[in-house]
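[1] quick one, what's the 3D model for this:
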Amino acid sequence: MHHAVPDFSTRETRETKETIETITPYRVAGNCKISIVSPEINQIDETNKTNQINQKNKNLESPMKALITGITGQDGSYLTEFLLSKGYEVHGLIRRSSSFNTQRIDHIYVDPHDPNPRLFLHHGDLSDSGQLMNLIYNIKPDEIYHLGAQSHVRVSFDIPEYTGDITALGTTRLLEALRRSGVKAKLYQASSSEMFGAAPSPQSETSPFLPRSPYAAAKVYAYWMVRNYREGYRSFASNGILFNHESPRRGETFVTRKITRALANMLGGNQKRLYLGNLNAKRDWGFAPEYLEAMWRILQQEEPDDYVIGTGESHSVKEFVDHAFSYAGIEITWKGQGVEEKGIVKGASSRWDPTLKPGDVLIEIDPRYFRPTEVESLQADITKARQHLGWEPRTTFEELVKIMVDYDMKLAGLEPGGEGIAISLNKGFAYTNHDYSFYEKIREGC
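    A predicted model of the protein is given here:
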């Protein structure tokens, strides 16, 4: 049975609709709203009508509010910058820790004592449904971007119960908190291409889910909970099924960043080896700032829906290594098979003498990085996103690699090639410079 979905396309539309519903009940017949007039409606006090209209106008003057879980992550930091550039007031959920883990947002943090702050951080956890409800009720966000999760696929095999509690049930807690609060916010759920698992490529919104990790299984559960709340409670809840997206802010234990960071350390003489797992795994890798723009577009639609976001291309881990080292002036040749395969310097720019020279073994395989069940290939079919969101990627795989190498060289105190930085600054991301912060601010009162 198909459930009618309310039109929450804009704040004005939503608030106007709420006012109309208070004054004039209606039923839906096809696409037409038919007023049902009763004597009681005609007797509504005119003062109440005026108060409702004045309250609506007051609300329209205030900025849009967004609540972001996972605000300190790669996607959360870019999304925060993007929303602030659009005039939003942004609230972020952070876990209490004895040490700061906020390097990605330090450069945009504003002390709460500042007269006009638009970024607010709140302590909480996806395991605490009471705090989630309190935050939603008190903040009354217009949009919720649920990015928080235990998001490392390999680690999910080591801590499957925790992954299920936070990644799967954390989504349920947030959906239920939103429903019980009575706040009419749009919710974006960060679903993952890992849900497709062993499904044949390319994968689209209609491809089957065949998860191959505890992380992927947890994301499948969360995906269907979003669908159930959307259809059962008419919540404006959408899934963005994002394929791998990388940037200079990617976590150091994710393979792309692990590669570019190790390369920079090797060039600086601070690392001898890079240990990797499955070199032949193929992924659809894109540039993270583009993907958060897709998230935002998903919540600007008139009706909630689910969208696959990716590049439509697939490349192996080995290809990523080859492109990264080649850009830095190092040619890698591969010798051996399986766990004995090694990446060896075939030639290197004179700039790196005597740090790196032909014959040096730089890359080796460590079986500890193999997954018990591997996903061999992921590639997105983004036809729906192109047609309905007007979204498509504008950064190529080769450009992405150069961007990440440049910023990691810069972070390591080396002079980068410069092509990657130039590319990143000329792609229309005026709200960010992609850098990590190199300092921490004292958060008094956080």
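[2] how long is stretch 149-166 from one end to the other?
    6 Å (C-alpha to C-alpha, to the nearest Å).
[3] and stretch 66-77, by the same measure?
    The first-to-last residue distance of stretch 66-77 comes to 13 Å (C-alpha to C-alpha).
[4] now stretch 175-190
    Counting by C-alpha to C-alpha, the length from the leading to the trailing residue of stretch 175-190 is 13 Å.
[5] average model confidence for that stretch?
    The predicted model assigns stretch 175-190 a mean pLDDT of 97.
[6] that stretch: which residues count as buried?
    The neighbour-count check on stretch 175-190 (16 or more other C-beta atoms under 10 Å) flags 175-179, 181, 183-190 as buried. Yep, even glycine has a C-beta here, placed from its N, CA and C like the rest.
[7] any idea what sits nearest the residue nearest the centre of the chain, other than its immediate chain neighbours?
    The chain has D75 as the residue nearest its centroid, 4.0 Å off, counting by C-alpha atoms, centre = their mean. Excluding its sequence neighbours, the residue lying closest to D75 (C-beta to C-beta, 6 or more residues apart in numbering) is L147, at 5.1 Å.
[8] list the contacts of that neighbour.
    Listed by C-beta atoms under 8 Å, 6 or more residues apart in numbering, the contact partners of L147 are 68-71, 73, 75-76, 79, 190.
[9] by neighbour count, which of those wins?
    For the contacts of L147, neighbours were counted by other C-beta atoms under 10 Å; the highest total belongs to L79, with 28 neighbours.
[10] for that residue, which non-adjacent residue is closest in space?
    L292 (4.3 Å).
[11] what about the one you found, distance to V375?
    According to C-beta to C-beta, to the nearest Å, L292 and V375 sit 24 Å apart.
[12] can you list the low-confidence ranges for the chain?
    Within the chain, the stretches falling below the threshold (pLDDT under 70) are 1-61, 98-100, 435-446.
[13] ok so, going back, helices or strands up against the helix or strand hosting the residue nearest to the centre of the chain?
    Per DSSP states H and E, D75 falls inside helix 74-85. Here helix 74-85 touches strand 65-69, strand 89-94, helix 288-299, going by 3 or more C-beta pairs under 8 Å, 6 or more residues apart in numbering; DSSP states H and E.
[14] confirm H122 sits in a helix?
    No: according to DSSP: H, G, I helix; E, B strand; the rest coil, H122 belongs to no helix; its state is strand.
[15] what ranges do the strands span in the stretch 51-200 of the chain?
    Ranges of strands in the stretch 51-200 of the chain, per DSSP state E, counting those that start in this stretch, are 65-69, 89-94, 119-123, 143-146, 186-192.
[16] out of those, deepest packed?
    Among these, judged by mean count of other C-beta atoms under 10 Å, the one packed with the most neighbours on average is strand 143-146 (a mean of 27).
[17] now the helices for the stretch 101-250 of the chain?
    Taking DSSP state H, counting those that start in this stretch as the test, the helices found in the stretch 101-250 of the chain are 129-139, 153-158, 160-163, 170-181, 214-233.
[18] can you redo those helices as JSON lines with distance to S97?
    What follows is the helices of the stretch 101-250 of the chain, written out as JSON lines (distance: least, C-beta to C-beta, whole Å):
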{"stretch": "helix 129-139", "distance to S97": "16"}
{"stretch": "helix 153-158", "distance to S97": "18"}
{"stretch": "helix 160-163", "distance to S97": "16"}
{"stretch": "helix 170-181", "distance to S97": "18"}
{"stretch": "helix 214-233", "distance to S97": "22"}
